[in-house]
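Colleague: Sequence and predicted structure, then a few things I'm wondering about:
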Amino acid sequence: EIVLTQSPTTMAASPGEKVTLTCRASSSVSYMHWYQQRSGASPKLWIYETSKLASGVPNRFSGSGSGTSYSLTINSMETEDAATYYCQQGSSYPWTFGGGTKLELK
Amino acid sequence: EVQLVESGGGLVQPGRSLKLSCAASGFTFSNYYMAWVRQAPKKGLEWVATISTSGSRTYYPDSVKGRFTISRDNAKSSLYLQMNSLKSEDTATYYCARHSTYYGYNYFDYWGQGVMVTVSS
């Protein structure tokens, strides 16, 4: 089973600040997907196939990476971006999620 | 608009069974793999089960294999999760999700609102 480790576990960012969340895989994967979960809500697909933005996702978000290291970047933090973000790998069965990064507004 | 609506959650004693349902609409249900993903209170996401378009193939992680059974009724656009021999660690919100498998890129592109299952005596 591929274990995904997200860092940091929790972080706070100010409006306008650039934010980078990291996801590391225990073995190489071909791509990574990301989900956003706001408090009390269901998860939403946010970035798929490493760098493609899901429908409705603002273009201040971007994704990159390869092999065992992937990242989600917010170019300029906004209030609505406060949420927990999960990475997920679909390259190797069983499909697994990272533990999440809780992003708070400073 | 894609909609996934779960039902059937509740409080159940350890060792007992429970069956969850998910009603799908807004897309051609029979064309998509479907899945269940759960989230224990204050914890992360865990994939629980996936079923192929026809229902002929099912997939489970070791944590639920042999206890949970995923099934579907394409005529009713409905997904099910039969959970047997429930344990306290199965306590979670269970989400129905559409499982996209294009080119082998396995991800969950639409999610329901979730249904809570509490396993406790």
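Modeller: It's in.
Colleague: Flag every residue of chain B that's near chain A.
Modeller: Within chain B, the residues that sit near chain A (Cβ under 8 Å from any Cβ of the partner chain) are B:37, B:44-47, B:50, B:59, B:61-62, B:95, B:100, B:104-114. Glycine gets a C-beta too; all of them are placed from N, C-alpha and C.
Colleague: of those, buried ones?
Modeller: Among the residues of chain B next to chain A, those scoring as buried are B:37, B:45-47, B:50, B:59, B:61, B:95, B:100, B:105-112, B:114 (criterion: 16 or more other Cβ atoms under 10 Å in any protein chain shown).
Colleague: in stretch B:7-25, what counts as buried?
Modeller: For stretch B:7-25, the neighbour count (16+ other Cβ under 10 Å) marks B:Gly9, B:Val12, B:Leu18, B:Leu20, B:Ser21, B:Cys22, B:Ala23, B:Ala24 as buried.
Colleague: ok and the residue in chain B nearest chain A?
Modeller: For chain B and chain A, the shortest gap (Cβ to the nearest Cβ) falls at B:Asn106, measuring 2.9 Å.
Colleague: which residues touch the residue nearest to that residue when sequence neighbours are not counted?
Modeller: Leaving aside its sequence neighbours, B:Asn106 sits nearest to A:Gly90 (Cβ to Cβ, 6 or more residues apart in numbering or on different chains; 2.9 Å). Applying Cβ atoms under 8 Å, 6 or more residues apart in numbering or on different chains, we find A:Gly90 in contact with A:Tyr31, A:His33, B:Gly104, B:Tyr105, B:Asn106, B:Tyr107.
Colleague: Just flag the most distant two among these.
Modeller: Greatest spatial distance among those (Cβ to Cβ): A:His33 and B:Gly104, at 12.5 Å.
Colleague: which residues sit in contact with B:Asp90?
Modeller: B:Asp90 neighbours (Cβ under 8 Å, 6+ apart): B:Arg38, B:Val64, B:Met83, B:Val117, B:Val119.
Colleague: Report the beta-bridge partners for A:Glu104.
Modeller: A:Ala12 (DSSP bridges).
Colleague: Poorly predicted segments of chain A, please.
Modeller: Chain A contains no residues with pLDDT under 70.
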